[in-house]
Structures are given as structure tokens and as C-alpha cells.
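# A predicted structure for the sequence below; I have some questions about it.
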Amino acid sequence: MSTSTWQRVLLYAILCGVGFILLTPFAWLLSTALKSESADLFAYPPQWIPDPVVWSNFVKAWNILPFMRYIFNTFYIAIATVLLNLFFCSLTGYALARMHFRGRQFIFYCILATTMVPFQVLLIPLFIVTLKLGLVDTHAGVILPVAVNAFGIFLLRQAFTTIPKDLEEAARIDGCNEFTIYSRIMLPLIKPALATQAAFTFVAQWNDFLWPLVVLKSRELYTLQLGLASLQGVFGVNWRYISAASVIALVPTVLFFLFTQRFFTQGLTSGAVKE
Amino acid sequence: MPRIALLFLLLLPLISCSEESQQEENTVTVEFWTIALGDAFADYILGMISTYEQAHPGVKIKWVDVSGGEVAEKFLAALVGDTAPDLVNIYDLPRFLQYDILVNMDEAVSPEDKAKRLENFWNGVGYFQGANYVIPWYVGVTMMWYNKDLFAQAGLDPDRPPRTLDEMLAMGRQIRERTGKYGVSWRLHPSLIAPPWALLRMDGFWPLFDEGYSRTRINHPEAKAIFQKWVDAYQQGVVPPEALAASHRDEVNWFIEGRAAMLPFSGGWITRYFDKTFAAKVATAPMPRGLLGKVPASNQVLVVPKASRHPEIAVDFGLFVTNDENQLEFCRQVAILPSTVAAAADPYFRQPPKTQADEANQLSAADIPNSFVMAPPDVVGWSRMEDILHEEFAKALAEQQSVDEALVRIEEKWNHLLRYQ
Amino acid sequence: MHGRYTPFFFVGPGLLLLGIFFAYPLLDTLWLSLHRYNIFTAPVFIGFDNFRRAWGDELFWRVLANTLLYAAIVVPALVVLSFFMALLLDNSLRLIKIFRTLYYIPVVTSIVVAGIIWKWLYNSDGLINAVLKGYGIIGPSWLADARGVPEAFLGLFGIQTESVWFTEPAIALFSVAMVTIWKAAPYYMIIYLAGLQGIPIALKEAARIDGAGGWQVIRHVIIPTIKPYTLVVSIIATIAALRTFGEVYVMTGGGPFHRTNLLSYYIYTLGFKYLEVGYAAAVSVFLLAIILIFAIINFRLAGGDNTTGGA
């Protein structure tokens, strides 16, 4: 779309307006994190710019919660989940899309039906399974139940079906075996769909609260979500520390999304959900 | 496919990290869970553990500090998985007591050890239909924090806090009318300090059931008068409207935010959340009395699940953690109270107070003999009954029904549950 | 073509994991829903008693109604809002990447933190009411008020009404839904954004040359083209709405008197607080049935399953 100067100005104005609504809660969070011990947090009208600005809340919050560990755990869990999920979903999706075998349609429809089952329904029995496998209080216990999901299989299967047959034939004539065709030829062709699935999985796992809450018990295994939840126990009600800790917790995520944004949006652009 | 091999190498620790570390032979490991003590008390807990381990060669104590809200869920999970911890600090006991899964302490603890512990805590939250299933640990007796600034603004004498519950509500009303702030920070939804059933008990309406637990007697004029008093107070803005839908500790926040003038609370440890300006505004007072004349006390307890592999050692270590000496030391570190006879009588609790927390604690300590333990009725199915009580009471608070209607419905539903169970 | 057993090496690992962590718990749920089970003693078979009990459980119906109302607020709002946010971000301004990232912040915010902030905003004397006060409106305690939204709105103009039709949704439920919308809209925005970027510029230009105004381009070119994305967004949003847990857990605990209690939170309470695992399973089966019905309606409305993917 070609844009003139006034259009651009207007667009920026609207962007800022919407952004303002979305981010107002954060302005308060940030402002609280920067307030001193003697500032009244709940003054009316609200004081947006702290006077004086104090950085010590960040230092204290950083020292009391093992942030590096929580951030590491969260990234580790999210990334491991994404990798495993892409691997298992693409493998299954590939077979369902490109191979002929007895029961293929049946399996596909079963999987399709199960995209609808919510995690919540399974919570209690899933917990019992996880327990029996000895995975309670391990990261594996958080990761494995979501290492494959029906929606992912469905998404990637759809992507595989769009690839022309001749590519596969050519590879077969060159003497490639089935796994090589899958990994060398087919996977690169559905990169956009993989990116889509990766984005969905990453965000879901990053935000997950209930399952890690039930599975993990050792503090050193906690994710950021659980660490922040435990803040109320450790800090009680010191809003300044809670705010500071929350801001700290946001930084790595925001940076991560700033730098991987292209990957996510491009991934979604070409292929996966398109006709 | 080297890249895929790499992927698996990366994920290998994930698969293998669940393996248990090898244990030395002849060593018995006892797992001990606490609630959200965090780093602040690590030295104290680890100190006790090493003393105990030195005195008992062959015993190892594994300490797990579980973050606050989730300890019961984790405990449950561990029980299902047959990986029960041996000694657990736990709250909200009724759901566990009714299933007979905890070691009976009346049988497991010697009469001498029992005699060292205060009777009302021994037969307190862990008492269920004839026996006690817990070892009492530290105690909180309710006192009151109040905001002198708000008292002064409302034209009340900042040095004359209320002495009775009725007076507290009246002053709260005046504060609401004159300052626009709320009078009392009190959570009427599930609450630790005073759940609805405790409102009844503080004003002398007790018990809630007949002797064989066949019927409830809650639909009673006395109960009605007590609830009506609170409903009126809520509707007049004495209590913040959020009292109806709040979560853990919100009432503490309201007080610290300066939104409400009075906070009934279990002692002095709350001061670590005060900042300097706020600390200068607040003062302590004994908890205002209801018609019962006694104040509510809460009690943290240790339990030993029957599924423990070493129940005797767990009980022994539990008695060690809660002995006079160790409890007194804990009380020195944080403003709480002990549950043993000798420790409670220690001169430490009568020294001239040095801090606000000390002041609060001495008020609490002075009321130990005057307290009743916040133990809900020892009836099967209490968790569900309590939720019914909350729901119907809350509807009355929000003017969706009259107190009369609420009591009729509670009576009906409770009696139904009593028959069903 | 390929060895006879090769497909099963491909399908096997995925199906195995699905079987362990999905099919088995699902069957277990169905099985448990026919039993009385409290975790500590062996399950007792009681036939369909749990379902009969749910049928007569006032609270279950209350919670079910809440959940459907909540989905009815959240899903359309998300579909519309995220689409317009995506339209707004679909351009090549120099700072657009920064805006996209900023807009995305609510998605990656911990629900715990979001809960804390929103509780502040929603307090009877919180920021929202402070602003309303400037306009002479005395706002409610947003998360604790059980009055219906229409009822309260009419009340602003001095109209008192007794009709039951004005009592839903409760202000508190509406407030919880707002938090969900705030937190999830940028997530779906990204999906739409991808869709918009896939539309060839030539198509939009062509429409413009034909004399179509901005709104007409949106209506006749963009909306039809991104229909598959709308389907994906509405399905994911519906499922997510019916599964909502964190907002309730963190902000209201289901209060006031269960007006914000949603099915997944109720299931959690039944299982972990009352230890009525069999009954919790029966309620779960109900939830499952509802989600299936919704999914089918969604598919039908959006024109069948052939638009969802590439095939």
C-alpha cells in the first residue's frame, strides 16, 4: 500500500492509541517498580512518574528470586517442547499425508477428532499417568505430555499434502530411502508450516501455568510462571518488588519476540493455514 | 541424520533427569515439607536438621520448601503416587482428616511428650471425631492492626481502638462515612482469619451441628442476628466490596494500601511488608472480642501420612522440630508464637518490646489462654459444606437474598449432605 | 514404493505419545466418570450416578452457563478485535516491528502478573473507577459485583429493572472476560497478520483501481480471502475460552458466589479440593461433549474442513 505523509501520521497516531490501551497496565507496573519506599503507591490521582526514581527494587527482586534459573528452565522447557513437537508431529503428519497403508484414514480421523479435547479434561488421569512413569517433579513431566499434539499433526499433514508428487519421485529414483526423503526433501519444503506450529507450541508452553503447577515441586525446576506465583509467598505484599520482578521476567520474552518476529510472521504467511 | 541425532543428544538430559540418586546403605531418608519459608529461614531449618542428623546417625532429612498455595495439591499428588513425604506442614486439613490417611498422634506420641504441648492446640485443627492427627507447630493468635491516620481523619481517638466486635464495626462505619476509606479489612469469601463459620463462633454461636452430626442447627435466631450484623456492615461499606471475590492475602494488601483502617491479623510477622511511612501510621491493639470473649488462633501443624515409610522416625523428628527449644528459636527469628507449654511461658514473650512486631506478638501471646483454635467442625464433607456456607452467605451480603433465606438454604443443603454421606 | 512396515515407524512414535498422554487419560476419565473415587480408597462402580448428580447439581448448571456466556463474549470479540489490530499492523512503516512487539506483550505476560495488575485496576477505588469518577460515574468493584451488566448499565440512567433478562452476564464475569480479551487478542492478531501479508498487493490495488474505497476493499477482498484464518482463530479461541482457568484462579477464585466460576476451575476444585475425582471426571465428560458440539458448529459455519489446511 502506498502511503502519503499524512496517512503515515494518522497511522502512527492510531497505532499509539491502541498501544496505549494495551500497555496502560504495564505503565503502572513499571512506575510502581520504580517507586521509593516512602512513595504512596495508591495515591489519588495516580502518580505515573515516580519521584524520586529508584532502581533498588530491581536489585532486591533480582537477588531474592533465582531469575536466571527460572528463565533458563522456561526457555529450556519451551524450546525442548517445540523441537520434540515438530519432530513427532511432522513424522506422523508425513506418513498420514504421503504414505499409503491400512488404517490411514481411520487414524487421521481419530486424530482430527481429538484436536478438540481440552487439556483440562485430562488433568487428573494425566497426572496419574505421569506419576506412574516417574515423571512428576521433572521437566520431562512438563514436556512429554505436549511433545505431540493432534492439532500439530493435522496442521503439518495439511502442509505435506500440498507438495507435488514429482519431487518425491525424483528423489526415489536417486535411491533415497523414505526417511531421507522426509528429512532432506519434504521437511525443508514445509518450513513455513513448521514455523507456525513452533510459534503456537512455544507460546502455549511459555504461558502454561496449571500443568507445571501440578507436576513440579522442586523450586529449582520452576518455570518463570511458577516462580512469579511463589513471589507472593516470599515477598508477601511488597508491590514494588513484585512489580520489579515482573518487569524483569518480561524482558527476555520481549527480546525473544522482537528478534524472532520475522520467523513467526513469515512462517504463518506462506503456506500452513493458506489454501 | 546427524542433525536429528544432535536433537536427541540435546534432549537426553530430559529423559534421564528423573533417575533417583543412589542412597547409601543403612541410611534412612525422611522427607520434610514446609510451606513457602524460602531462603529467609533456610539457616534455621538446616541447623535443626544437622543437629538432628548428628544425634541420629543413619537418618537423613530431605527438606522440601513448597510454595504457598499449592502444598495440598502436591501432597495429594505424592500420596496418589505412593511417593508420600514423611513429615508435612499442611493446612486446610478437613479433606485429609475424613479419609483416615494420617498417623494418629494420640497413639504415636508418648503421654509425656503430649503433656509438653498446649492442650487447646493438641486437640485443635487436627482433632477429628475422637483423636488428634497432627503435631502442633507455630501459632498465630489474632490481634488487630489499625491505621491511626485514618482514625484521626474520621474523628476517632487514635489511642482508643475498639474492644468489641460491635464497636469495631461501629468505628468502621464512622471511618467509611467520614473518610471514604473502608473500616475493616476482612475477607468474607474463604478466609484464614475469619471464615463465616468463625463469625458465628466468635459471637458465641456454636456448635453448628447436633451431637451425632445428623442435622445442623445453623438456622437459628442467634446465627441470624450475627450474620445480619455483618451483612449490614458490608452493605454500608465497612468492609471493601472485594471481600466477596478475593484471593489469599488480599485483605492484608487492602490494609497496607491504606484502603481499610483495621486489620485483624495473626501477629507481628506482617511488619516485614510495611514500609517506613506506613509503619509510622499504624498501631497495634488486642483483637476486639465477640460475645464468646475469646479470640481466634491459627496453628501451623505437621502431619505424618500413614503411607510414610518411616513413620516412627518422622514423628520423632516432628516432635524435635516442635520442641520447646526449637520453637523458641523460631519465635526469635520471626514474630510467631509457640505451641508448647514451657516455650509459651518463656520470659521472652514478656520483655519490653523493641519493635512493632514485638508489640503485636506480645498482644498475641497475652491472648493465648484466651483463644480458641480455628478448627472447623469435624464433620465428614466439611470442604463442600464450607463452600455452600460461603456461597449462600455471599449472596446475602450482595443483597441477592435475605439472611433468612440464606440460612434456610444452608440448612437444607447441609442436611442433605449429612444424609448423603 | 516403501516397505510394508515403514509407515508404522513414522506414525508409531507420535501415536505412542498420543496414546500414553492422551488416549489413555481420556479413557481413564470416561472410566472414572462411572465410579465413586476419592484417591485414597479403591474406585466403586456406580453406573451413571455421577451424571445424574451433575444433572441435579445447581452449581454445575451455574458454572456451565457462566462458561458458555464467557465464550459468547470472548470469542466474537477476539475474532473482530484481533482482525482489526492486524489490519492496523499490516503495513511497512519504519517502526512497525516495534509496534508489533509491543502489541504482543500481553500475550507473553504471566497470568499471575496480569492478574495482579488488573486487580489493581478493577478495585472499587482503583484506576478505572478513578477515571470514571472524573465523568461523574461511580464505578462498581469490577471483580466482585454480581449485578448483570445490562442491569447496571440501565441503572446508570436511573432505570431500575427486575427482569431476569438483564442479570447476565455478571459484571464480575464480564471483567474477567475483558482480561482474557486483552491478553489473547494480540495472539490471534499475529495469525491474522500472517494471513494479511499473504494477500497479494496486486489484489488490493486492483480493487482500488476499480474504485473501491478502503472499507470496500476490506469487505469484498480482504475478509473473504482470509476466511481460512478466521476459521482457525475462531476454533482456537473457542477451545481456549472453554478451557480458561488462570484468570479465575488468580483473580476471583470463582467469586462472588460462583458468578465467575468456569468449568475448568470447577473441575479443578472438585478433583483437588473435594477429592471427588469420579464426579470431576463426569463433569469433564460434559465439558468434552460441549467442546465437540461447538467445534462441529464452528466447522459448519465456516464452511467445512476443506478450508482449514492446504489440501
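Nice, thanks for sending it over.
# tell me the mean pLDDT for stretch B:27-42?
What stretch B:27-42 shows for mean pLDDT is 83.
# what about it and chain C, touching?
No - using Cβ under 8 Å from any Cβ of the partner chain, stretch B:27-42 stays clear of chain C, coming no nearer than 14.7 Å. Every C-beta, even on glycine, is put in place using the N, C-alpha and C of the backbone.
# Now do that stretch: distance to the chain's middle.
Distance, stretch centre to chain centre, for stretch B:27-42: 19 Å (Cα atoms, centre = their mean, to the nearest Å).
# swap in stretch C:233-252?
Computed by Cα atoms, centre = their mean, the separation of stretch C:233-252 from the middle of its chain amounts to 4 Å.
# List the buried residues in the biggest helix by length in chain C.
Using DSSP state H to define each element, chain C has its longest helix at helix C:58-89. Using 16 or more other Cβ atoms under 10 Å in any protein chain shown as the test for burial, helix C:58-89 gives C:59-60, C:62-64, C:66-71, C:73-75, C:77-79, C:81-83, C:85-89.
# Give me the buried stretch members for the helix or strand just after that helix, please.
Next in sequence after helix C:58-89, counting helices and strands by DSSP states H and E, comes helix C:96-108. Buried positions in helix C:96-108, judged by neighbour count with 16+ other Cβ under 10 Å: C:96, C:99, C:100, C:101, C:102, C:103, C:104, C:105, C:106, C:107, C:108.
# and which of those is nearest residue B:116?
Closest approach to residue B:116 among the buried residues of helix C:96-108 (Cβ to Cβ): residue C:108, at 53.3 Å.
# I'd assumed residue A:250 was in contact with the closest one.
Yes - using Cβ atoms under 8 Å, residue C:108 is in contact with residue A:250, at 7.3 Å.
# Return the residues in contact with the residue nearest to residue C:271 when sequence neighbours are not counted.
Leaving aside its sequence neighbours, residue C:271 sits nearest to residue C:280 (Cβ to Cβ, 6 or more residues apart in numbering or on different chains; 3.9 Å). If you count contacts by Cβ atoms under 8 Å, 6 or more residues apart in numbering or on different chains, residue C:280 has them with A:124, C:267, C:270, C:271.
# same thing but at 6 Å, please
Residue C:280 makes contacts with C:267, C:270, C:271, as judged by Cβ atoms under 6 Å, 6 or more residues apart in numbering or on different chains.
# Tabulate those residues (a markdown table), appending neighbour count.
As requested, these are exported to a markdown table (neighbours: other Cβ atoms under 10 Å in any protein chain shown):
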| residue | neighbour count |
| --- | --- |
| C:267 | 25 |
| C:270 | 23 |
| C:271 | 25 |
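# just to revisit the earlier point, counting by contacts, list what the longest helix of chain C packs against.
helix C:171-198, helix C:227-242, helix C:263-268 (3 or more Cβ pairs under 6 Å, 6 or more residues apart in numbering or on different chains; DSSP states H and E).
# Now do the buried residues in the second one.
What that stands for is helix C:227-242. Neighbour-count burial for helix C:227-242, counted by 16+ other Cβ under 10 Å, picks out C:228-242.
# Kindly report the same for stretch A:85-101.
Here stretch A:85-101 shows A:85-99, A:101 as buried, counting by 16+ other Cβ under 10 Å.
# Take those residues and keep only those in helices.
Those of the buried residues of stretch A:85-101 lying in helices (DSSP H): A:85-98.
# check these against chain B, which are close?
Subset of those in contact with chain B: empty, counting by Cβ under 6 Å from any Cβ of the partner chain.
# Need the three-state assignment for the residue lying closest to residue A:146 once chain neighbours are set aside.
Of all residues not flanking residue A:146 in the chain, residue A:81 sits nearest, at 5.7 Å (Cβ to Cβ, 6+ apart). Three-state call for residue A:81 (DSSP: H, G, I helix; E, B strand; the rest coil): helix.
# Run the chain-centre distance for the helix or strand harbouring residue B:54.
Following DSSP H and E, one finds residue B:54 within helix B:42-55. Between the centre of helix B:42-55 and the centre of its chain there are 25 Å (Cα atoms, centre = their mean).
# Remind me what that helix packs against, helices and strands.
If contacts are counted by 3+ Cβ pairs under 6 Å, 6+ apart, helix B:42-55 sits against no helix or strand.
# Which secondary structure element of chain C has the lowest mean pLDDT?
Here the helix or strand of chain C ranked lowest by mean pLDDT, DSSP states H and E is helix C:201-209, holding a mean of 73.
# what does that one contact?
Under the contact criterion Cβ under 6 Å, 6+ apart, helix C:201-209 has outside partners C:217, C:221.
# Using PDB, write down the CA coordinates of that helix.
Coordinates of each C-alpha in helix C:201-209 appear next as PDB, following Å, rounded to 0.1, in the frame of the first residue of the first chain:
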ATOM      1  CA  ILE C 201      -0.800  -6.400  -3.000                       C
ATOM      2  CA  ALA C 202      -1.900  -6.500  -6.600                       C
ATOM      3  CA  LEU C 203      -5.300  -7.800  -5.500                       C
ATOM      4  CA  LYS C 204      -5.800  -4.900  -3.200                       C
ATOM      5  CA  GLU C 205      -4.500  -2.400  -5.800                       C
ATOM      6  CA  ALA C 206      -6.800  -3.900  -8.400                       C
ATOM      7  CA  ALA C 207      -9.800  -3.400  -6.200                       C
ATOM      8  CA  ARG C 208      -8.800   0.100  -5.500                       C
ATOM      9  CA  ILE C 209      -8.400   0.900  -9.200                       C
END
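# Does chain B have contacts with stretch C:38-50?
Yes - applying Cβ under 6 Å from any Cβ, one finds stretch C:38-50 touching chain B at C:39, C:40.
# Tell me the secondary structure at the residue nearest to residue C:271.
When classified by three-state DSSP, residue C:280 comes out as helix.
# Find me the pLDDT at it, would you?
Listed pLDDT for residue C:280 reads 88.
# Any figure for the gap between it and chain B?
As judged by Cβ to the nearest Cβ, to the nearest Å, residue C:280 and chain B stand 13 Å apart.
# Repeat that for residue C:137.
Distance, residue C:137 to chain B, using Cβ to the nearest Cβ: 16 Å.
# What separation do you get for the closest residue to that residue other than its chain neighbours and chain A?
Once flanking residues are discounted, residue C:137 sits nearest to residue C:156: 6.8 Å by Cβ to Cβ, 6+ apart. Residue C:156 sits 22 Å away from chain A, going by Cβ to the nearest Cβ.
# give me the number of residues near residue C:156?
Residues contacting residue C:156 under the criterion other Cβ atoms under 10 Å in any protein chain shown number 9.
# ok, now residue A:177?
The number of residues packed near residue A:177 is 12, by other Cβ under 10 Å.
# Backbone torsions only: list them for residue B:101.
The phi and psi values for residue B:101, taken as degrees, to the nearest 10, are phi -110, psi 0.
# what kind of secondary structure is the closest residue to residue B:391 other than its chain neighbours in?
Sequence neighbours aside, residue C:257 is the residue nearest to residue B:391 in space, at 4.6 Å (criterion: Cβ to Cβ, 6+ apart). The three-state assignment at residue C:257 reads coil, by three-state DSSP.
# Ramachandran coordinates for residue C:257?
In terms of degrees, to the nearest 10, the main-chain angles of residue C:257 are phi 30, psi 60.
# pLDDT below threshold where in chain C?
Scanning chain C for pLDDT under 70 picks out C:1-3, C:198, C:211-212, C:295, C:298-311.
# got the contact list for the residue nearest to the spatial centre of it?
Centroid-nearest residue in chain C: residue C:241, 1.7 Å away (criterion: Cα atoms, centre = their mean). By Cβ under 6 Å, 6+ apart, residue C:241 lies in contact with C:71, C:74, C:75.
# The nearest residue to it once chain neighbours are set aside and residue C:201, how far apart?
With Cβ to Cβ, 6+ apart as the criterion, residue C:241 has its nearest non-adjacent residue at 4.1 Å, and that residue is residue C:71. Residue C:71 sits 36 Å away from residue C:201, going by Cβ to Cβ, to the nearest Å.
# Next: residue B:112.
Using Cβ to Cβ, one gets 88 Å for the distance from residue B:112 to residue C:201.
# Perfect, that will be all.
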